[in-house]
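Engineer: Below is the sequence, then the predicted model.
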Amino acid sequence: MGRPKKIIVNQILSDEETAKLQGCWIDESYIKLPVIRENIDVYYKDENGCEKLLLKFRKKCIKNSLIKLGWNSYKDLAKASRGRGASAGPIDPNSVYWKKRNLSGTSKWSTSYLKADGEPSKMKVNNQVASNPIGYWSAQKNFCELPCRLTHFTRVNYEKYNEGLPFIQRIDEMFQHLIPESHKKQNERANLKPHLKIPKTSFSTITINRNFRTALHRDAGDYKEGFGNLTVIERGNYHGGYTCFPQFGVAVDARSGDFLAMDVHQWHSNTPIYETDEDKKLNDKLDWAFKDNPAVGTVGLDKKYTRLTFVCYLREKIINCPDEIPKEFLTESGSS
């Protein structure tokens, strides 16, 4: 098949210009090169003129049997979340979700709201989107203190989580094949806390998103010497949803069974996900795959098509975790 194409892209927005767009929607006008749909390696030059890897993309490298396994195991685990920060986009008071609430102290992508007693909520939250982590999570302090643990939806869906692991392990194989140096560093780091490592991978965590168009953001909390790993499972027809790096004018059309290794510490987002008239005609013939209530207003869950994205990574602070998980954060079988 020969070597994949390699290109070097130029920075078309300064760091300052790009940072000002944090939390904003990015549309296709920011794409200056043809949308990537073929095997390719993309590099950029840093301030010292050194080539740095931005992304590697490979088409149809995850076989259908694994895609089916991933769908059956994980399709229901992208639960509603109001904690996705800038990636959830600017607060729209007229959206289905927010127009039912009295907002208070809204600022860009976060807001408080008035509770039944008329007092503003203590916690500022983001747009409600379908996005949820599975696997392991490092300790955190919000309104309560949580230790290093299996995430809630991993514990309560532990059998399905285990059944789907060959799909996740294939993603790790692609990471190892395409970026062996980063994979080696990440795997060695993950092995320092093997009880918090997804079996036979260099990952601790997978974030599953459903029909979630991200606004401009940079990932936080993942191992900085590693690399982001993304794949997609889709059902029905849709257009757009390109993974876009507006600072470089680059976008990738990652579809079902593709693999995208990407520098998630660069600013990135998705372009609009939409149905053409032809898409909608075909999607209307589908049975509903989920039991959502569209009236709740979780973004994207009123559609019959599905775009599931899987972002696999190692949590940076997993290294600080103790060598045992508290029993109450294990599964009923005592598994970790």
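Structural biologist: That came through, no problem. Numbers count the residues shown, from 1 in each chain.
Engineer: what about the strands in the stretch 1-150 of the chain?
Structural biologist: Using DSSP state E, counting those that start in this stretch, the strands of the stretch 1-150 of the chain run over residues 5-9, 40-45, 51-58, 80-81, 103-107, 110-113, 129-137, 140-141, 145-146, 149-150.
Engineer: Redo these as a markdown table? Include mean pLDDT and mean neighbour count.
Structural biologist: C-beta coordinates here come from the backbone N, C-alpha and C atoms, glycine included. Listed next are these as a markdown table, based on pLDDT from 0 to 100; neighbours: other Cβ atoms under 10 Å:
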| stretch | mean pLDDT | mean neighbour count |
| --- | --- | --- |
| strand 5-9 | 96 | 13 |
| strand 40-45 | 96 | 18 |
| strand 51-58 | 97 | 20 |
| strand 80-81 | 94 | 18 |
| strand 103-107 | 94 | 13 |
| strand 110-113 | 95 | 19 |
| strand 129-137 | 96 | 25 |
| strand 140-141 | 78 | 10 |
| strand 145-146 | 80 | 11 |
| strand 149-150 | 92 | 21 |
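Engineer: Would you mind giving those strands as a markdown table with distance to residue 26 added?
Structural biologist: Conversion of these to a markdown table gives the following (distance: least, Cβ to Cβ, whole Å):
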| stretch | distance to residue 26 |
| --- | --- |
| strand 5-9 | 16 |
| strand 40-45 | 17 |
| strand 51-58 | 16 |
| strand 80-81 | 21 |
| strand 103-107 | 20 |
| strand 110-113 | 19 |
| strand 129-137 | 16 |
| strand 140-141 | 29 |
| strand 145-146 | 33 |
| strand 149-150 | 34 |
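Engineer: Among these, which comes closest to residue 235?
Structural biologist: Using Cβ to Cβ as the measure, strand 129-137 is the one of the strands of the stretch 1-150 of the chain that comes nearest residue 235, at 14.1 Å.
Engineer: is it true that residue 319 lies in a helix?
Structural biologist: Yes - applying DSSP: H, G, I helix; E, B strand; the rest coil, one finds residue 319 inside a helix.
Engineer: Adjacent strands (with direction) for the lowest-mean-pLDDT helix or strand in the chain?
Structural biologist: Across the helices and strands of the chain, mean confidence by mean pLDDT, DSSP states H and E is lowest for strand 140-141: a mean of 78. Counting by DSSP bridges, the strands paired with strand 140-141 are strand 145-146 (antiparallel).
Engineer: how far is the strand it pairs with from where the chain is centred?
Structural biologist: 23 Å (Cα atoms, centre = their mean, to the nearest Å).
Engineer: One more: stretch 254-273?
Structural biologist: That offset, for stretch 254-273, works out to 9 Å (Cα atoms, centre = their mean).
Engineer: Restrict it to CA atoms and write it as PDB.
Structural biologist: Extracted in PDB, the C-alpha atoms of stretch 254-273 (Å, rounded to 0.1, in the frame of the first residue of the first chain):
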ATOM      1  CA  ALA A 254     -13.300  10.400  11.000                       C
ATOM      2  CA  ARG A 255     -16.000   7.900  10.300                       C
ATOM      3  CA  SER A 256     -17.000   4.400  11.600                       C
ATOM      4  CA  GLY A 257     -13.900   2.100  11.800                       C
ATOM      5  CA  ASP A 258     -11.300   4.900  11.300                       C
ATOM      6  CA  PHE A 259      -8.600   5.800  13.700                       C
ATOM      7  CA  LEU A 260      -7.300   9.200  14.500                       C
ATOM      8  CA  ALA A 261      -4.200   9.800  16.700                       C
ATOM      9  CA  MET A 262      -4.100  13.500  17.500                       C
ATOM     10  CA  ASP A 263      -2.300  16.000  19.700                       C
ATOM     11  CA  VAL A 264      -5.200  16.900  22.000                       C
ATOM     12  CA  HIS A 265      -3.100  19.600  23.600                       C
ATOM     13  CA  GLN A 266      -3.600  21.600  20.400                       C
ATOM     14  CA  TRP A 267      -6.900  23.600  20.100                       C
ATOM     15  CA  HIS A 268      -9.600  21.400  18.500                       C
ATOM     16  CA  SER A 269     -13.300  21.200  18.000                       C
ATOM     17  CA  ASN A 270     -16.000  19.700  15.800                       C
ATOM     18  CA  THR A 271     -17.800  21.400  12.900                       C
ATOM     19  CA  PRO A 272     -21.600  21.200  12.900                       C
ATOM     20  CA  ILE A 273     -23.100  17.700  12.700                       C
END
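Engineer: ok, the closest residue to residue 148 other than its chain neighbours to residue 40 distance?
Structural biologist: Distances taken as Cβ to Cβ, 6 or more residues apart in numbering put residue 321 closest to residue 148, at 3.5 Å, once the chain neighbours are dropped. Distance of residue 321 to residue 40, given as Cβ to Cβ, to the nearest Å: 37 Å.
Engineer: I'd say residue 315 and residue 140 touch.
Structural biologist: No - if you go by Cβ atoms under 8 Å, residue 315 and residue 140 don't touch, sitting 10.3 Å apart.
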